[in-house]
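**Student:** Quick one: sequence and predicted model below, then my questions.
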Amino acid sequence: MSNIDHTLDMAANIKGAFAVAIVDYESGMTLGSRGGSAEFDLDVAAPGNSEVMRAKLDVMQKLGLRNETIEDILITLGTQYHLIRPIQGAPDEKLFLYLVLNKAQANLAMARRDLRVIEQEFFLAHPSTPNGRTDNQAFFPSTAGHR
């Protein structure tokens, strides 16, 4: 299983997750995705949020916020949360995780925490979970009983 597939699988297991994608915000290309529906076209939404990411980075540059980094961008809709989390790693890769949550099912604070952990694990050399575990407990040890 590739690192992208593993990362998408982990993000798709976040409580309330409806759709998830890894996107290159420079090109707008989606590297992989999970979820979506006929009413929610992830192939349109994921690359469309590249513009959000680029616009925020442009504003930060104009404001002289060169020592700041984006942790995540939250867009709140009536029934959904949309989280955009840049993947910190190689400077030549401009990627972000895009997570769509069902507002009624999700715990936003926990989803942000889980997505941060997943993002931090993304660039590990081996995509398997720590200690050979294959369940979410390896990534979310403190919340395993709450899932």
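**Tutor:** Happy to help now that I have it.
**Student:** Against His82, how distant is the most centrally placed residue in the chain?
**Tutor:** In the chain, the residue lying closest to the centroid (CA atoms, centre = their mean) is Leu97, at 2.7 Å. Leu97 sits 11 Å away from His82, going by CB to CB, to the nearest Å. Yep, even glycine has a C-beta here, placed from its N, CA and C like the rest.
**Student:** Then Arg34?
**Tutor:** Arg34 is 15 Å from His82, by CB to CB.
**Student:** now Asp24
**Tutor:** Taking CB to CB as the measure, Asp24 falls 18 Å from His82.
**Student:** buried set for the biggest helix by length in the chain?
**Tutor:** In the chain, with assignment by DSSP state H, the single longest helix is helix 42-62. Judged by neighbour count (16 or more other CB atoms under 10 Å), helix 42-62 contains these buried residues: Leu42, Ala45, Ala46, Pro47, Asn49, Ser50, Val52, Met53, Leu57.
**Student:** Relative to the whole chain's centre, how far out is it?
**Tutor:** How far helix 42-62 lies from its chain's middle: 14 Å, per CA atoms, centre = their mean, to the nearest Å.
**Student:** what comes up buried for the helix or strand following that helix?
**Tutor:** Proceeding N to C from helix 42-62, the next assigned helix or strand is strand 73-76, under DSSP states H and E. If you call a residue buried by 16+ other CB under 10 Å, then strand 73-76 has these buried ones: Ile73.
**Student:** where does this protein have low pLDDT?
**Tutor:** Within the chain, the stretches with pLDDT under 70 are 1, 90-91, 123-147.
**Student:** If we use 90, what do you get?
**Tutor:** For the chain, the stretches with pLDDT under 90 are 1-3, 36-39, 66, 88-93, 120-147.
**Student:** So what's the residue count around Ile84?
**Tutor:** Using other CB atoms under 10 Å, the number of residues around Ile84 comes to 22.
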